[in-house]
Structure formats: C-alpha cells, structure tokens
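Peer 1: Kindly return the folded structure for what I paste below:
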Amino acid sequence: QVQAVESGGGLVQAGGSLRLSCAASGSIFSINAMGWYRQAPGEQRELVARITSGGSTTYADSVKGRFTISRDNAKNTVYLQMNSLKPEDTAVYYCNLGRVRTTPWNYGMDYWGKGTLVTVSS
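Peer 2: Alright, predicted model coming up:
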C-alpha cells in the first residue's frame, strides 16, 4: 500500500517562510511526477508546483519566484520551500504522487496525501 504523508504546515506571518515535505512509503518501484496542490476554503484545488522524475519543474504563476519544489528520489520525498508568504497562500496543501509503479510491469496510479494546513496571517 502506497502512502503519501505531508508535514511542515503551520501558522506564519506574511513575509515568512515554511518548508513542506511529503514522504512516499510502501512498495514503490518508481514515481513519475511529484507535485503540490492547494485548496483554499470555497475554492477548487489548484496546482502549485510539480516536478518530474527528471527534474523538470512547473509552477503556478502566483508562486513563481517565491516557491521552490525539489525532490529526493532516493528518499521518495518531495519538498516545497515557500518564501515571502502572503495571506492568499493560506490553504490546505496536498501532495500528489503521479504514476506510482509498484513493479516494473504495471502502469501505475496516482496517490494523494491527506493535506497539511498552511495559514498566513497579515
């Protein structure tokens, strides 16, 4: 059973920083893309940042220049360094594991973490 467990959320003042981590566990052969999404109250879940197995990154326009995504393939862990936080960054942040294969022969499937709350006060 594959699981994604996020950590690092919390309360921070505007202009501050937080670092989120998401560790994937279980019988994992490979993980394609790993990403962070967020959902604010009353809003739809949106992509924040994504990183492929080769290290290519994608960011939402709203976080470019402030957030940095990285991954440690040996640890099956993805990180999100968030700097210059704004109140509008307040949301539950979810980790997404894209196309996780448990053997070399299966196609794989996506997994989501349960989320970690980030609150930015003004």
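
Peer 1: distance of the residue of the chain positioned farthest from its centre from V12?
Peer 2: When distances are taken from the C-alpha mean of the chain, W105 lies farthest, 26.3 Å away, according to Cα atoms, centre = their mean. Separation of W105 from V12 (Cβ to Cβ, to the nearest Å): 44 Å. Where C-beta positions appear, they are placed from N, C-alpha and C, glycine not excepted.

Peer 1: Correct me if wrong, but W36 is in a helix.
Peer 2: No. Counting by DSSP: H, G, I helix; E, B strand; the rest coil, W36 is not part of a helix but strand.

Peer 1: So which residues of the chain form helices?
Peer 2: Under the criterion DSSP state H, the chain carries no helices.

Peer 1: What is the neighbour count of C22?
Peer 2: Neighbour count of C22, defined by other Cβ atoms under 10 Å: 25.

Peer 1: contacting residues around it?
Peer 2: Listed by Cβ atoms under 8 Å, 6 or more residues apart in numbering, the contact set of C22 reads A4, V5, E6, S7, M34, W36, T77, V78, Y79, C95, L97, G113.

Peer 1: Now do the nearest residue to the first one once chain neighbours are set aside, the pLDDT please.
Peer 2: Distances taken as Cβ to Cβ, 6 or more residues apart in numbering put G113 closest to A4, at 3.9 Å, once the chain neighbours are dropped. Reported pLDDT at G113 in the predicted model: 97.

Peer 1: mind listing what's buried in stretch 106-121?
Peer 2: Neighbour counts over stretch 106-121 (16 or more other Cβ atoms under 10 Å) mark G108, Y111, G113, G115, T116, V118, V120 as buried.

Peer 1: All the strands of this structure, residue numbers only.
Peer 2: Using DSSP state E, the strands of the chain run over residues 3-7, 10-13, 18-25, 30-31, 34-39, 46-51, 57-59, 67-72, 77-82, 91-101, 109-112, 116-121.
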